[in-house]
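> curious how this folds, go ahead:
(2 chains)
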Protein chains: 2
Amino acid sequence: MGRWEPDGRGRLERAALELYLERGFERTSVAEIAERAGLTERTFFRHYADKREVLFAGSSAMQELLVDAVARAPGSAPPMKVVAASFQAIAVPLEERRELVRRRQAVIAATPELLERELIKFASLSAALAGALRQRGVDDASAGLAAEVGIAVFKIASSRWIEQADGKDLSWFIGESFAGLETVIAGH
Amino acid sequence: MGRWEPDGRGRLERAALELYLERGFERTSVAEIAERAGLTERTFFRHYADKREVLFAGSSAMQELLVDAVARAPGSAPPMKVVAASFQAIAVPLEERRELVRRRQAVIAATPELLERELIKFASLSAALAGALRQRGVDDASAGLAAEVGIAVFKIASSRWIEQADGKDLSWFIGESFAGLETVIAGH
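A predicted model of the protein is given here:
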């Protein structure tokens, strides 16, 4: 990023989100996003491969946080406890951007192309998480299972957080959903 | 389907799969699929919305089987046991088409567009499964959780079944993976 474009990425992300909400994803062009951000189309493509990718700018940072948290977890914890604790590590930055996350999710839910991209991002997150668990000595099958199931539980927690009207925080929903997992297995 | 096209859908599916394996998804046209099946392009579009959809012809039947099995499960079973038993109901038809499923999965794994479509199908399956659990009186949060997690476990079981060299059946992997879920939660 040149010195004439402070926070170029952030400006492009906010501009894209605004435009997608105002006129829809399909009816927004990269040129319009760049213009709204006060930048050029060329700058847009220096940061993002396409119109979809700009909404997923935070996903690699989220993945890094998650993988780090798995590596730092106590050695003796069962794999699913490690995964649950690691998702708590990403709850804090997401909580701080709650309104942004909520608006972003509304655009994604309304746009099949974005929904597909989001699912791909989750699949990649699952692979990274499984890799981090294997690094801890968890066997292949258990690592894949704990990662995939952990993400399923996180997705539920995250939708409940976004949809709720009570002002509870994401961390609460994550705790609640991982506890709920034990309940749906054992029954009441 | 007219009387001059017995098993038109099956022929289109097999033709599409063959061509996708031979020359790749991108380089295959609907006209070529129709020609290989001995049918017209118009017939193709009477059955499928696009080139992707032809590979997911079985997904609505699978969804129906799953939802029926949830409805027929004993009233007292914990939600996750109901889900696990219901996936066993779809293991039989999948096992019978094992080689087809394996080849189909190879094409999907190699084609981002198909991978995205598959993820969308799983999201729809999850919603249907959650709906069937709610019909049994399972609360909203638990139904969503058991459905999403159940599908995560099934995906793991299904990949292990496809990748294995030992000749074990899908039913075995489903049982193994749902049991594995309890292990990754409790630890060893």
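> C-alpha only now, for contacts and for neighbours.
Will do.
> do any residues in stretch A:113-128 lie close to chain B?
Yes - using C-alpha under 8 Å from any C-alpha of the partner chain, stretch A:113-128 comes into contact with chain B via A:116-117, A:119-120.
> repeat for stretch A:180-187
Yes - counting by C-alpha under 8 Å from any C-alpha, contacts between stretch A:180-187 and chain B involve A:180-182, A:184-187.
> tell me which of those fall in helices.
A:180-182, A:184-186 (DSSP state H).
> list only buried entries from the residues you listed.
For these, a burial check counting by 16 or more other C-alpha atoms under 10 Å in any protein chain shown picks out A:180-181, A:184-185.
> quick one: the residues you listed as CSV, columns for pLDDT too.
Below are those laid out as CSV (pLDDT from 0 to 100):
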residue, pLDDT
A:G180, 95
A:L181, 96
A:V184, 94
A:I185, 94
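> just for chain A, where's the confidence low?
A:1-5, A:188 (pLDDT under 70).
> name the residues of it found near chain B, please.
Counting by C-alpha under 8 Å from any C-alpha, the residues of chain A lying close to chain B are A:77-81, A:116-117, A:119-120, A:142, A:144-146, A:148-149, A:152-153, A:156, A:177, A:180-182, A:184-188.
> how about A:S59, what does it touch?
Applying C-alpha atoms under 8 Å, 6 or more residues apart in numbering or on different chains to A:S59 gives the contacts A:K121.
> repeat that with 10 Å
Taking C-alpha atoms under 10 Å, 6 or more residues apart in numbering or on different chains, we find A:S59 in contact with A:53, A:65, A:118, A:121-122, A:124-125.
> what about it, distance to chain B?
Using C-alpha to the nearest C-alpha, to the nearest Å, A:S59 is found at 17 Å from chain B.
> state the phi and psi torsions of that residue.
Main-chain torsions, A:S59, degrees, to the nearest 10: phi -70, psi -30.
> spatially central residue for chain A, please.
Nearest residue to the geometric centre of chain A (C-alpha atoms, centre = their mean): A:S59, 5.2 Å.
> ok, that one to B:G58 distance?
33 Å (C-alpha to C-alpha, to the nearest Å).
> in helices, which of the residues of chain A next to chain B fall?
Using DSSP H, the members of those that fall in helices are A:79-81, A:116-117, A:119-120, A:142, A:144-146, A:148-149, A:152-153, A:156, A:177, A:180-182, A:184-186.
> which of the residues of stretch A:113-128 next to chain B sits closest to chain B?
Proximity of the residues of stretch A:113-128 next to chain B to chain B was ranked by C-alpha to the nearest C-alpha; the top entry is A:E116 with 5.3 Å.
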